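Enquirer: test case, fold it:
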Amino acid sequence: MVKKIGILGPGTMGASIGYLAASSGFYSVIYGRSEDSIKRGKARVEKIIEAGQKRGRITEETAGKIREKIEYVTDLNYLASCDIIIESVAEDIEIKKDFFRRLDSICGASVILATNTSTKSVTELASVCSKPHRFIGMHFFNPAHIMRLVEVIRAVQTSDETVSVVSELAQKLGKVPVIIKDYPGFIVNHLLVPLLNHAIEMLESGVSSEDLKKVATLGLGHPMGPIELADFIGLDVVEAMGDTLYEYFRKQKFVPPVTLRNLVKAGLLGVKTKKGFLDYDSKK
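Expert: Here you go, the predicted model:
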């Protein structure tokens, strides 16, 4: 039974997952590589709590209980006491492998290691661990504390027991799990990357982001336009997903458009940098 959840990485997704775990009644341990990263992660959690309070969804008493259930650490060894550790670091497979090797060396046989990767091979990540049957993909969507879907990705090595435990955990976190095999892009991003790329190409051809938004929201029933969505995800993440999928399938539909690559090179990554395809500094 899962009682304590470790989160590897205090970034946007890690902080959101950490908050989700604590607000669902689990103890949450959020790891960051430095005091500065922990400080930023804690600020992200506080921002989620404050937003909930402003909307009247979280009382001061509940906010206090959530804070009490979250521990912030810079020593990886503290994660060894967790029942499951969910990795949410940079979308770089070598960085992820390095962390999982280290976790594998300090965690007991019962600890489940999970990756929140959006496109990388769960099977390849599992292969660096001595207990690959306890390894799984647990792909949340941003913001993790709001979006209801979780893709539960089964590596070649993953055991039935691990799938069962993680699926049950997802439900206890208020999510709807979809269990799938390890396949590049899984389901959502295999569908999403070509859509975003095509939208960016249409933007390059002269179609406005506002018109693309109208088509997506009024015609397709999406909650936001595709250009907004790319900015919200992070343009560096969108580019990385496209590159990974193209590496596997060699299909043009996955290749990141030129404008996307140029924005990433310029460090304009969307909402998280206040500017991407759209300017968020000027928005109230």
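Enquirer: which residues does the closest residue to residue 116 other than its chain neighbours contact?
Expert: What sits nearest to residue 116 in space, not counting adjacent residues and going by CB to CB, 6 or more residues apart in numbering, is residue 88, at 4.3 Å. (C-beta placed from N, C-alpha, C; glycine too.) By CB atoms under 8 Å, 6 or more residues apart in numbering, the residues touching residue 88 are 7-9, 11, 13-14, 17, 116.
Enquirer: try 6 Å this time
Expert: By CB atoms under 6 Å, 6 or more residues apart in numbering, residue 88 lies in contact with 9, 13-14, 116.
Enquirer: so which of the residues you listed comes closest to residue 260?
Expert: For the contacts of residue 88, the residue nearest residue 260 by CB to CB is residue 13; the value is 20.3 Å.
Enquirer: measure that closest one to residue 23 for me?
Expert: Residue 13 sits 15 Å away from residue 23, taking CB to CB, to the nearest Å as the criterion.
Enquirer: try residue 263
Expert: Taken as CB to CB, the span from residue 263 to residue 23 is 34 Å.
Enquirer: of all the contacts of residue 88, which comes closest to residue 236?
Expert: Nearest to residue 236 out of the contacts of residue 88 is residue 13 (CB to CB; 13.3 Å).
Enquirer: which secondary structure element contains that closest one?
Expert: helix 12-23 (DSSP states H and E).
Enquirer: which other helices and strands contact that helix?
Expert: Judged by 3 or more CB pairs under 6 Å, 6 or more residues apart in numbering; DSSP states H and E, helix 12-23 is in contact with strand 4-8, strand 27-31, helix 35-54.
Enquirer: hmm, who's touching it?
Expert: 5, 7, 28, 30, 41, 44-45, 48, 66, 69-70, 86, 88, 140, 143-145, 173.
Enquirer: so where do the helices sit in this protein?
Expert: 12-23, 35-54, 60-68, 93-106, 122-126, 160-172, 188-204, 209-214, 226-233, 235-249, 258-265 (DSSP state H).
Enquirer: run the chain-centre distance for the second one.
Expert: Going by CA atoms, centre = their mean, to the nearest Å, the spacing between the C-alpha centre of helix 35-54 and its chain's C-alpha centre is 16 Å.
Enquirer: mean confidence for it?
Expert: Helix 35-54 comes out with an average pLDDT of 97.
Enquirer: just stretch 188-203 next, same as before
Expert: On average, stretch 188-203 scores 97.
Enquirer: with just CA atoms, put it into CSV.
Expert: Extracted as CSV, the C-alpha positions of stretch 188-203 are listed here (Å, rounded to 0.1, in the frame of the first residue of the first chain):
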residue,chain,number,x,y,z
VAL,A,188,-1.8,11.6,-26.1
ASN,A,189,1.5,13.0,-27.4
HIS,A,190,1.5,10.7,-30.5
LEU,A,191,-1.8,12.4,-31.4
LEU,A,192,-0.9,15.9,-30.1
VAL,A,193,2.6,16.6,-31.6
PRO,A,194,1.4,16.5,-35.2
LEU,A,195,-1.6,18.7,-34.3
LEU,A,196,0.7,21.4,-32.7
ASN,A,197,3.2,21.2,-35.5
HIS,A,198,0.4,21.7,-38.1
ALA,A,199,-1.0,24.6,-36.1
ILE,A,200,2.5,26.3,-36.0
GLU,A,201,2.9,25.8,-39.7
MET,A,202,-0.5,27.4,-40.3
LEU,A,203,0.6,30.3,-38.1
